[in-house]
Structure formats: structure tokens, C-alpha cells
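Trainee: Any chance you could fold what I've pasted below:
(one chain, ligands or ions: 1)
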Amino acid sequence: MNTDFDDLLEANRHYADNFALAGFDGVARAGVAVVTCMDSRIDPLGMIGLEPGDAKIFRNPGGRVTPQALEALILAVHLLNVDRILVIPHTRCAMASATEHELQERVGASAGQDASWQSFGVVTDQREALHDDIHKVHAHPLIPDTVKVGGFLYDVDTGLLQPVD
Ligand SMILES: [Zn+2]
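Mentor: Numbers count the residues shown, from 1 in each chain. Prediction:
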């Protein structure tokens with residue numbers, strides 16, 4: 001039997017002991033969706049005072065508005081009660097501080113094989129990328145103008161969100 005996840009499954013049993021979301025239909029109670037980075041320093045609910053059940057969260061390296069993020073946002077807006085969208089890249093993000101080549105080299109060294117064929121979507125200018133991403137959300141024909149879309153840079157050293165116009 002696979003024991004690789006025993007510690008986590010044990011924790012899950014404790015979690016389920018006080019499970020409060022049974023029967024919940026999975027809308028975003030607070031009407032909020034967040035697109036942010038996979039970075040472990042980010043608590044996407046806690047940073048804006050929300051709790052499980054309140055928001056739709058979509059994460060990827062860099063917190064980019066990818067085609068998959070747009071799919072999620074369209075569903076969130078039309079089916080899951082979302083009327084405010086926050087796009088939140090962050091300071092000291094690996095996706096914005098390394099070059100594509102550097103990441104390929106580091107992954108290649110870890111993998112013990114060539115990784116130059118793998119793209120990582122590195123960002124050279126975070127603010128410019130954020131502008132583009134906000135525009136992608138606004139411009140999507142299936143996301144109505146009534147939906148508010150905001151771009152913010154999260155500071156992983158202070159916990160503060162800075163609006164980016
Ligand atoms: Zn990041």
C-alpha cells in the first residue's frame with residue numbers, strides 16, 4: 001500500500017472532523033475571483049480577509065491570465081457569482097526574476113537532462129504583463145463590463161497589496 005501521503009491523509013481526517021462546507025454549492029460567496037501565483041508565500045484568501053467558500057482561486061506560475069485562467073474566470077462570472085476579479089502577481093517572483101534560459105538551466109540540472117525545450121512563460125516586465133493580463137480579462141467578449149477587474153502587486157515581505165493602474 002502506498003504510504004507516501006499518510007501524513008497528509010492523517011491531517012485530512014482531522015480537517016474533516018470540523019468540516020463546515022458540507023452541502024455548500026460552491027459559488028463564490030463574496031463574489032470574488034483571484035488569479036495569482038503558485039508561490040507558497042501567498043495566502044490568496046487570508047490576504048484579503050476571505051475564507052473558504054468566499055472566492056474562486058486560480059493559480060499558476062507568475063499569476064498570469066492564461067487561456068485556462070480565462071476559462072475559469074468566465075465560469076466564475078456566469079455560473080459562480082463572481083463580479084470582482086483581482087489579478088495578483090507578486091514581488092520576488094521567480095517567473096519575473098530569472099530568464100527563460102536560467103530556468104531551463106536550473107530545471108535541466110535538477111532533472112539531469114536537457115530542459116531547453118520546456119517553456120516557462122517568464123515575465124520580463126511585471127507591470128506591463130499585468131496591464132496586458134487585465135486587458136485580456138476586460139476585452140474578453142464573455143466577460144461583461146459590469147465585472148470589476150483590478151490589478152495588484154503583492155509584496156511578499158510586507159503582505160500588502162499595491163494597486164497597479
Ligand atoms: Zn511567483
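Trainee: Mind listing what's buried along the helix-or-strand element of the chain with minimal mean pLDDT?
Mentor: Confidence across the helices and strands of the chain bottoms out at helix 94-97, with a mean of 94, counting by mean pLDDT, DSSP states H and E. With burial defined by 16 or more other Cβ atoms under 10 Å, the residues of helix 94-97 counted as buried are A94, M95, A96. For glycine as for every other residue, the C-beta is placed from the backbone atoms N, C-alpha and C.
Trainee: Columns distance to A111 on top of the residues you listed, output as TSV?
Mentor: TSV is the format used below for the buried residues of helix 94-97 (distance: Cβ to Cβ, whole Å):
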residue	distance to A111
A94	16
M95	18
A96	23
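Trainee: List every C-alpha atom in the least confident helix or strand of the chain, with coordinates, as PDB.
Mentor: What follows is helix 94-97, C-alpha atoms only, in PDB (Å, rounded to 0.1, in the frame of the first residue of the first chain):
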ATOM      1  CA  ALA A  94      10.900  33.500  -9.800                       C
ATOM      2  CA  MET A  95       8.900  34.000 -13.000                       C
ATOM      3  CA  ALA A  96       9.900  37.600 -13.100                       C
ATOM      4  CA  SER A  97      13.500  37.500 -11.700                       C
END
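Trainee: Can you tell me what sits against that helix?
Mentor: Contact partners of helix 94-97, identified using Cβ atoms under 8 Å, 6 or more residues apart in numbering, comprise 37, 39, 61-62, 64, 89, 103, 120-124, 126, 129.
Trainee: what stretches of this structure score poorly on pLDDT?
Mentor: Across the chain, not a single residue meets the criterion (pLDDT under 70).
Trainee: Contact residues of it facing the ion?
Mentor: Residues of the chain lying close to the ion by Cβ under 5 Å from the ion are C37, D39, C93.
Trainee: how about those residues in CSV, adding neighbour count and distance to R29?
Mentor: Converted to CSV, these look like this (neighbours: other Cβ atoms under 10 Å; distance: Cβ to Cβ, whole Å):
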residue, neighbour count, distance to R29
C37, 23, 24
D39, 19, 25
C93, 23, 29
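Trainee: I57: which element?
Mentor: Per DSSP states H and E, I57 falls inside strand 55-60.
Trainee: Give me the nearest residue to H140, chain neighbours excluded.
Mentor: If you skip the residues right next to it in sequence, H140 has L70 as its closest partner in space, 6.0 Å away by Cβ to Cβ, 6 or more residues apart in numbering.
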